[in-house]
Structure formats: structure tokens, C-alpha cells
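A.B. asks: the following comprises the amino acid sequence and a computationally predicted model.
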Amino acid sequence: QVQLVESGGGLVQAGGSLRLSCAASGRTFSSYAMAWFRQAPGKEREFVAAIIRSSSSTYYADSVKGRFTISGDNAKNTVYLQMSSLKPEDTAVYYCAAYSNSCCEVGRADYWGQGTQVTVSS
């Protein structure tokens, strides 16, 4: 079994920054891609960003492009999400997900973390 553990969430004022981390542990798992999703109360889980392990190619939702940066440290089995210029509408529980292939539909993730709350005050 693979465990994904997110950290780094919290309360921040609009315009501020946070960095989320997602550490993978457990049995050897060579992920094809890692992704971040978020889910606000009453809304569906939505894609935020993804990184392809082999090429380090990155992909972003339009709503976060230019403000968020996803990166990975393969040696540490950790993926990061640097969030800047945060807005109240970024408030959500943020989840990381691991894909063995075919990123990044919600239903196709192989593993999910437990989530970390990000709250942006106006």
C-alpha cells in the first residue's frame, strides 16, 4: 500500500502564499504522474495541477495558472504546490493524487492523500 500525506495548509490572507507538500511512502510505487486537486464545500473535486514524473512536464488549471507552481523531488518522493497571490476562492481542501498511468481524471487516481485545508481570508 502507498500512503500520500499532505501538509502545509493553513489560514492566510488574500495575496499571501503557502506551500503544500505531499510525501509518498509505503511499498515501491513508480508513479507516472502526481497531481493536486481541491474541493470546496458543496462543490466537486477539481483539478489544480499535475507533474509528469519522467519529463517534469507540468499542467495547470486556468484558474491557478501563473499563481501556482507544482514541482517534485523524486529522491524524496515528494511533490510540492507553491501557491502565491492567493484569493478567497482558492479556499478548499487540497488533495494530492498519484497516477500509475493516464493522468489526471479524478476517477483514475491510484492513490489519494487525506487532504489539507487551505483557507484564504479577504
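C.D. replies: Nice, I can see it.
A.B. asks: switch to C-alpha atoms for all contacts and neighbour counts from now on
C.D. replies: OK.
A.B. asks: please name the nearest non-neighbouring residue to the most centrally placed residue in the chain.
C.D. replies: Central residue of the chain (CA atoms, centre = their mean): Trp36, 2.3 Å from the mean position. Nearest residue to Trp36, sequence neighbours excluded (CA to CA, 6 or more residues apart in numbering): Cys96, at 4.5 Å.
A.B. asks: I'd say that neighbour and Ala24 touch.
C.D. replies: No. Judged on CA atoms under 8 Å, Cys96 makes no contact with Ala24 at a distance of 9.8 Å.
A.B. asks: out of these two, which sits in the busier spot?
C.D. replies: The neighbour count for Cys96 versus Ala24, taken as other CA atoms under 10 Å, is higher for Cys96 (31 against 23).
A.B. asks: tell me, what's touching Cys96 and Ala24 both at once?
C.D. replies: Residues touching both Cys96 and Ala24 (CA atoms under 8 Å, 6 or more residues apart in numbering): Leu4.
A.B. asks: any idea how far the residue nearest to the centre of the chain is from Ser122?
C.D. replies: Distance, Trp36 to Ser122, by CA to CA, to the nearest Å: 23 Å.
A.B. asks: this structure: strands as residue ranges?
C.D. replies: Here the chain has its strands, by DSSP state E, at 2-7, 10-13, 18-26, 33-39, 46-52, 58-60, 68-73, 78-83, 92-99, 111-112, 116-121.
A.B. asks: to Glu105, which of those lies closest?
C.D. replies: Glu105 lies closest, by CA to CA, to one member of these: strand 46-52, at 8.0 Å.
A.B. asks: tabulate the CA atom coordinates of the closest one in PDB.
C.D. replies: Output in PDB follows, covering the C-alpha atoms of strand 46-52 (Å, rounded to 0.1, in the frame of the first residue of the first chain):
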ATOM      1  CA  GLU A  46     -11.400  19.900  -9.300                       C
ATOM      2  CA  PHE A  47      -8.000  19.500 -10.900                       C
ATOM      3  CA  VAL A  48      -5.400  22.100  -9.900                       C
ATOM      4  CA  ALA A  49      -2.000  21.000 -11.200                       C
ATOM      5  CA  ALA A  50       0.000  17.900 -12.300                       C
ATOM      6  CA  ILE A  51       3.500  16.900 -13.000                       C
ATOM      7  CA  ILE A  52       4.700  14.100 -15.100                       C
END
